[in-house]
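A.B. asks: Generate a structure from the sequence data that follows.
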Amino acid sequence: MDILSHALWTNLVFKELPIQQRSLAILFGVAPDLISFIAILGKGFIRKVMYYTDPPLSVFPKFVFKLYNFTHSLVIFIGIFFLLKLFQLEFLALVFTGWGLHIMLDIFTHNAKFFPTPILWPFSKFHFSGIAWSNKWFMLFNYSILMFLYFVFYFN
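C.D. replies: This next block holds a predicted model:
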């Protein structure tokens with residue numbers, strides 16, 4: 001899913017939290033993509049990937065795939081979540097669930113061809129091949145649902 005959608009969905013899920021906590025949850029909600037892709041956002045790279053469809057995977061450096069695997073693994077997320085709970089960092093554990101929401105959304109909005117979500121990494125490369133979030137019909141559907149939900153919860 002695109003980063004703006006991740007931020008908007010996380011904001012909706014955590015709408016009952018105070019703004020400071022919700023903001024931190026949103027940061028965690030977009031962090032998997034920020035961590036994976038921020039290092040390559042130079043001007044030259046942006047020009048390489050400005051496609052109307054998914055750019056070829058060959059333009060991405062190998063470290064991006066490693067970071068992506070780490071940041072999009074439910075195994076890693078659950079491990080960190082339980083460490084936060086073990087050390088009684090309840091506040092952090094709560095807002096860290098924004099990261100888990102990111103992974104859950106990506107499981108179904110990435111297909112096998114372009115950055116599939118490695119749910120069980122590092123133990124397995126298993127992934128679910130869902131609908132590509134970049135599909136124009138999915139984007140229209142996603143943003144329509146988001147717009148509807150924002151009107152219901154924020155503007156009624």
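A.B. asks: Any idea which residue is closest to the centre of the protein?
C.D. replies: Among the residues of the chain, the one closest to the centroid is H102, at 3.6 Å (Cα atoms, centre = their mean).
A.B. asks: Test my guess that it contacts D33.
C.D. replies: Yes: counting by Cβ atoms under 8 Å, H102 does reach D33; the two are 7.5 Å apart. Every C-beta, even on glycine, is put in place using the N, C-alpha and C of the backbone.
A.B. asks: Now list whatever residues contact both of those two.
C.D. replies: Common neighbours of H102 and D33, using Cβ atoms under 8 Å, 6 or more residues apart in numbering, are H6.
A.B. asks: burial of M1, as a residue count?
C.D. replies: Neighbour count of M1, defined by other Cβ atoms under 10 Å: 22.
A.B. asks: Helix or strand with the lowest mean pLDDT in this protein?
C.D. replies: helix 43-49 (a mean of 54; mean pLDDT, DSSP states H and E).
A.B. asks: Would you mark the buried spots in whatever helix or strand comes next after that helix?
C.D. replies: Next along the chain after helix 43-49, taking DSSP states H and E as the criterion, comes helix 62-71. Using 16 or more other Cβ atoms under 10 Å as the test for burial, helix 62-71 gives 64, 67-71.
A.B. asks: May I see these organised as a markdown table, with pLDDT and distance to I145 added?
C.D. replies: Listed next are the buried residues of helix 62-71 as a markdown table, based on pLDDT from 0 to 100; distance: Cβ to Cβ, whole Å:
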| residue | pLDDT | distance to I145 |
| --- | --- | --- |
| V64 | 92 | 29 |
| L67 | 95 | 29 |
| Y68 | 96 | 26 |
| N69 | 97 | 29 |
| F70 | 97 | 29 |
| T71 | 97 | 25 |
